[in-house]
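Participant: predicted model, plus sequence, below.
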Number of protein chains: 2
Amino acid sequence: MTETNVSFRALSASCKTCSLAELCLPRGLQAEEFQRLDDVIKARRVVHAGDLLFKEGNDNRSIYAVRSGSVKTFAITESGEEQVLGFHLPGEIVGLAGLDESIHNCSSKALETSSICEMPLDDLEDICLQIPSLQKQLLKLISREISQDHKMLLLLAKKNSDQRVATFLLSLSGRFKLRGLSSESFMLSMSRQDIANYLGLAVETVSRILTKFGDDNIVEVTRRSIQIVDHDRLLEVAST
Amino acid sequence: MTETNVSFRALSASCKTCSLAELCLPRGLQAEEFQRLDDVIKARRVVHAGDLLFKEGNDNRSIYAVRSGSVKTFAITESGEEQVLGFHLPGEIVGLAGLDESIHNCSSKALETSSICEMPLDDLEDICLQIPSLQKQLLKLISREISQDHKMLLLLAKKNSDQRVATFLLSLSGRFKLRGLSSESFMLSMSRQDIANYLGLAVETVSRILTKFGDDNIVEVTRRSIQIVDHDRLLEVAST
DNA sequence: CATTGTAATTGATATGGATCAAGGCTGGTA
DNA sequence: TACCAGCCTTGATCCATATCAATTACAATG
């Protein structure tokens, strides 16, 4: 892979001008601090569906911010199966789980063509010491990740398949809204297989439930396009 | 509750002399740094089975270290049920999930008489800026928490009930070993109900599986006492 | 435009674990 | 020492979801 490969071409955008700054790590930084963070960000690269951002066992300690597109993180079980741990949308940080070890303990793969910012941890730790608010924001993001995982534990331990799928759609809906995108009409970048894996269900079950939600006029589903028709009913299903 | 109540009586021990220091937050600190951490620790208190360490919605931002005994953390679902998120043994830190918000987003309850160190987050953040290695250790613990949660997601999404119970016993076994206690013979401080809740199973299922493991001579179970007879078979069951 | 491979749907059947319903053990208490 | 309450175990039955087996619908490719 050469330096001119599009995958590693630095994009012109900086944190300072990024429209996602308010969702991302630099939230609330001063102008001068933006610049320091910019200096740390190694590369803004474009990845394509199926490309790995990082792999379990990788020793390059970095975290990644999604600028556009989407990625999934996953672990491989002892028996070699994949377990999807999460999906990440623009403005979200990927790779926080591996801060302690020198290696990543899960992998991350692009779901579609996506633009990614890579931040080497060693550099990040350095400027965190200089910019306390960045330090604080990093902690905030990490503990938000834990909260999110706890919600997921609850979903897997207690919710039935209808509730799981409804909760999943609502989570995406809410996150799109946060990004100024339509919360009622969006495309799924992940396959039914990925959704099923993430939710601890069989593909067939996910498919059947989406069809049922369609029949019940709660959502309109056409392949990967989702239109939430009755948000209230969906909320009701999610928590019933 | 008066100041002389045993629950709030400060214990004499300090981080400097605590035998758990190598498992706990102060791992790898210098002598002088130990003292600073000691100053921050508000109280070493004794709690009894059923006592709350902190409650969802509490606004006292603290994290807690278990010195002896054990506690569980749990969230309450929309429908008012409890979801056990984890069990914490001596040397383990509780309350890391709520670092970002001003309030705790889960609750913690003692499973037995336990000795607990409370560390107010504001003070901790301050001395973290002065002691980088403490900062680093805190990050390490948090991201270990995330890794642990990921293992749990995998367990709930993919493992059957035998595997879940076997994995649970092995996790306790390994953690006891780390503390210099017997890894093959220990007491469960939590009820079958708590175990079932944590593992996403019915109490009856947990009970039946423990009985089965007994019949198969893998473990000897007498009420809350566990003796691992065939560690290898247990490993096998956990991942089969 | 036809071809082919992959993803998604749909239907039929099987089953692991939940639920319902008793009964038994144990540790605390008067 | 007997009683009680909570925890745990055991048995019978049911059901939600997995699994197996086609079929259909795209999207990519030449």
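Facilitator: It's in.

Participant: what angle sits between the longest helix along chain A and helix B:132-158?
Facilitator: For chain A, the helix that runs over the most residues, judged by DSSP state H, is helix A:132-158. Angle, helix A:132-158 to helix B:132-158, by axes from the mean of the first three to the mean of the last three CA atoms, to 10 degrees: 20 degrees.

Participant: list the buried residues in helix A:132-158.
Facilitator: Using 16 or more other CB atoms under 10 Å in any protein chain shown as the test for burial, helix A:132-158 gives A:134-139, A:141-147, A:149-150, A:152-158. Every residue, glycine included, has its C-beta placed from N, CA and C.

Participant: can stretch A:158-176 be found next to DNA strand C?
Facilitator: No. Residues of stretch A:158-176 contacting DNA strand C under CB under 7 Å from any atom of the strand: none, with a closest distance of 9.1 Å.

Participant: quickly check: that stretch near chain B or not.
Facilitator: Yes. Applying CB under 8 Å from any CB of the partner chain, one finds stretch A:158-176 touching chain B at A:Lys158.

Participant: secondary structure class for A:Asn60?
Facilitator: Secondary structure, DSSP: H, G, I helix; E, B strand; the rest coil: A:Asn60 is coil.

Participant: thought it was touching A:Ala43?
Facilitator: No. With contact defined as CB atoms under 8 Å, A:Asn60 does not count as touching A:Ala43 (11.6 Å).

Participant: return stretch A:209-226 as CSV; C-alpha atoms alone will do.
Facilitator: Extracted in CSV, the C-alpha atoms of stretch A:209-226 (Å, rounded to 0.1, in the frame of the first residue of the first chain):
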residue,chain,number,x,y,z
ILE,A,209,-39.8,-8.8,13.6
LEU,A,210,-39.0,-6.1,11.1
THR,A,211,-41.7,-7.6,8.8
LYS,A,212,-44.1,-7.6,11.7
PHE,A,213,-43.4,-4.0,12.7
GLY,A,214,-44.1,-3.2,9.0
ASP,A,215,-47.4,-5.1,9.1
ASP,A,216,-48.4,-3.3,12.3
ASN,A,217,-47.6,0.1,10.7
ILE,A,218,-45.0,0.9,13.2
VAL,A,219,-42.1,1.2,10.7
GLU,A,220,-41.8,1.0,7.0
VAL,A,221,-38.9,-1.3,6.1
THR,A,222,-37.6,-1.6,2.6
ARG,A,223,-34.4,-3.6,2.6
ARG,A,224,-32.0,-1.3,4.5
SER,A,225,-34.2,1.8,4.5
ILE,A,226,-36.1,2.5,7.7
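
Participant: so who does the most centrally placed residue in chain A touch?
Facilitator: In chain A, the residue lying closest to the centroid (CA atoms, centre = their mean) is A:His88, at 0.9 Å. Listed by CB atoms under 8 Å, 6 or more residues apart in numbering or on different chains, the contact partners of A:His88 are A:Val66, A:Ser70, A:Val71, A:Lys72, A:Thr73, A:Val94, A:Ser108.

Participant: pLDDT wise, what is the second one at?
Facilitator: Pointing back at A:Ser70 there. A:Ser70 carries a pLDDT value of 97.

Participant: let me see the domain layout of chain A.
Facilitator: Taking automatic domain parsing as the criterion, chain A consists of the domains A:10-156, A:160-239.

Participant: hey, least reliable of those by pLDDT?
Facilitator: Sorting these by mean pLDDT places domain A:10-156 lowest, at a mean of 87.

Participant: quick one: it near DNA strand D?
Facilitator: No. Applying CB under 7 Å from any atom of the strand, one finds domain A:10-156 out of contact with DNA strand D, separated by at least 9.0 Å.

Participant: please state the offset of that domain from the chain centre?
Facilitator: 8 Å (CA atoms, centre = their mean, to the nearest Å).

Participant: re earlier: separate out the buried members of the contacts of A:His88.
Facilitator: Among the contacts of A:His88, those classed as buried by 16+ other CB under 10 Å are A:Val66, A:Ser70, A:Val71, A:Lys72, A:Thr73, A:Val94, A:Ser108.

Participant: quickly list what the fifth one is bridged to.
Facilitator: Going back to what we said before, that points to A:Thr73. A:Gly86, A:Ser108 (DSSP bridges).

Participant: ok, the residue nearest to the centre of chain A to chain B distance?
Facilitator: For A:His88, the distance to chain B (CB to the nearest CB, to the nearest Å) stands at 14 Å.

Participant: A:Leu99 touches B:Arg144, doesn't it?
Facilitator: No. When contacts are counted by CB under 8 Å, A:Leu99 is not listed as touching B:Arg144 (9.0 Å).

Participant: re the thing from before, out of the domains of chain A, nearest to B:Leu121?
Facilitator: With CB to CB, the closest approach to B:Leu121 among the domains of chain A belongs to domain A:10-156: 9.6 Å.

Participant: with respect to DNA strand D, which of the buried ones among the contacts of A:His88 is nearest?
Facilitator: Minimum distance to DNA strand D across the buried ones among the contacts of A:His88 is 16.1 Å, recorded for A:Ser70 (CB to the nearest atom of the strand).

Participant: can you give me the strands for chain A?
Facilitator: In chain A, the strands defined using DSSP state E lie at A:43-47, A:52-54, A:62-68, A:71-76, A:82-88, A:93-94, A:107-110, A:114-120, A:185-187, A:219-222, A:225-228.

Participant: a markdown table please, covering those strands and showing distance to B:Arg233.
Facilitator: Listed next are those as a markdown table, based on distance: least, CB to CB, whole Å:
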| stretch | distance to B:Arg233 |
| --- | --- |
| strand A:43-47 | 44 |
| strand A:52-54 | 36 |
| strand A:62-68 | 40 |
| strand A:71-76 | 24 |
| strand A:82-88 | 25 |
| strand A:93-94 | 38 |
| strand A:107-110 | 31 |
| strand A:114-120 | 44 |
| strand A:185-187 | 48 |
| strand A:219-222 | 46 |
| strand A:225-228 | 46 |
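
Participant: nearest to A:Ala21, of those?
Facilitator: Closest to A:Ala21 of those, according to CB to CB: strand A:62-68, at 10.0 Å.

Participant: show me which residues of the closest one are buried.
Facilitator: For strand A:62-68, a neighbour-count test (16+ other CB under 10 Å) marks A:Ser62, A:Ile63, A:Tyr64, A:Ala65, A:Val66, A:Arg67 as buried.
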